[in-house]
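Peer 1: Show me the folded form of this:
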Amino acid sequence: MSSKKPGDCASMDDVRQEIDRLDDALVDLLIERWGYVDRAWQLKNAPSEARVPWRIQQVVDRVKSRAAAADIPPELVESLWRQLIGWGIQYEEEKLSRDQNQ
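Peer 2: Residues are numbered from 1 along each chain as shown. Here you go, the predicted model:
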C-alpha cells in the first residue's frame, strides 16, 4: 500500500487508510520489540532484575526528547512508553519467577 503525506489526503477515507497503514506498521514494530523483551528475561537471573530504574528513565527521556523535537506531546509518548515498559517488566517478572520455581 502506498503512503500519502497528511497534507496529500483529500478525504477522511484517505486519512483513515493512512492511519490503518500506520497502525499495522506499529503492531509489526511492537511484535519485533516484544521479541527483545522475551529475550531479555532469558538473559536475566532473577525477578528483581526485571525492573532497572536507570534504564527505564533512559528510555523514557530518549523517546520524550524525540517526540518534543517532532512537536508531538512528550507526555503522550511518555505515557505510552511507561505502559509498554510496565507490561514488559511484568512479563519478565512472571517468566523469571516461573523459571526459578521449576
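
Peer 1: so how far is D20 from the residue positioned nearest the centre of the chain?
Peer 2: Closest residue to the average C-alpha location of the chain: L84 at 5.0 Å, with C-alpha atoms, centre = their mean. The gap separating L84 from D20 is 21 Å, by C-beta to C-beta, to the nearest Å. Yep, even glycine has a C-beta here, placed from its N, CA and C like the rest.

Peer 1: on that earlier part again, so for the one helix or strand the residue nearest to the centre of the chain maps to, mean pLDDT?
Peer 2: Following DSSP states H and E, the helix or strand that holds L84 is helix 74-100. For helix 74-100, mean pLDDT is 95.

Peer 1: by contact count, what packs against it?
Peer 2: helix 12-43, helix 53-69 (3 or more C-beta pairs under 8 Å, 6 or more residues apart in numbering; DSSP states H and E).

Peer 1: would you list those in CSV and tack on mean pLDDT?
Peer 2: Compiled in CSV, the helices and strands packed on helix 74-100 are given as follows (pLDDT from 0 to 100):
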stretch, mean pLDDT
helix 12-43, 97
helix 53-69, 98
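
Peer 1: Q100 is nearest to which of those helices?
Peer 2: helix 12-43 (11.4 Å; C-beta to C-beta).

Peer 1: mind listing what's buried in that closest one?
Peer 2: Buried residues in helix 12-43, counted by 16 or more other C-beta atoms under 10 Å: 17-18, 37, 40-41.

Peer 1: Show me which of those is closest to I72.
Peer 2: For the buried residues of helix 12-43, the nearest to I72 is E18 (16.4 Å; C-beta to C-beta).

Peer 1: Let me see the contact set for that closest one.
Peer 2: 3-4, 6, 9 (C-beta atoms under 8 Å, 6 or more residues apart in numbering).

Peer 1: tell me the angle of the helix holding L84 relative to helix 12-43?
Peer 2: 40 degrees (axes from the mean of the first three to the mean of the last three C-alpha atoms, to 10 degrees).

Peer 1: Contacts only, for the residue nearest to the centre of the chain.
Peer 2: 30, 33.
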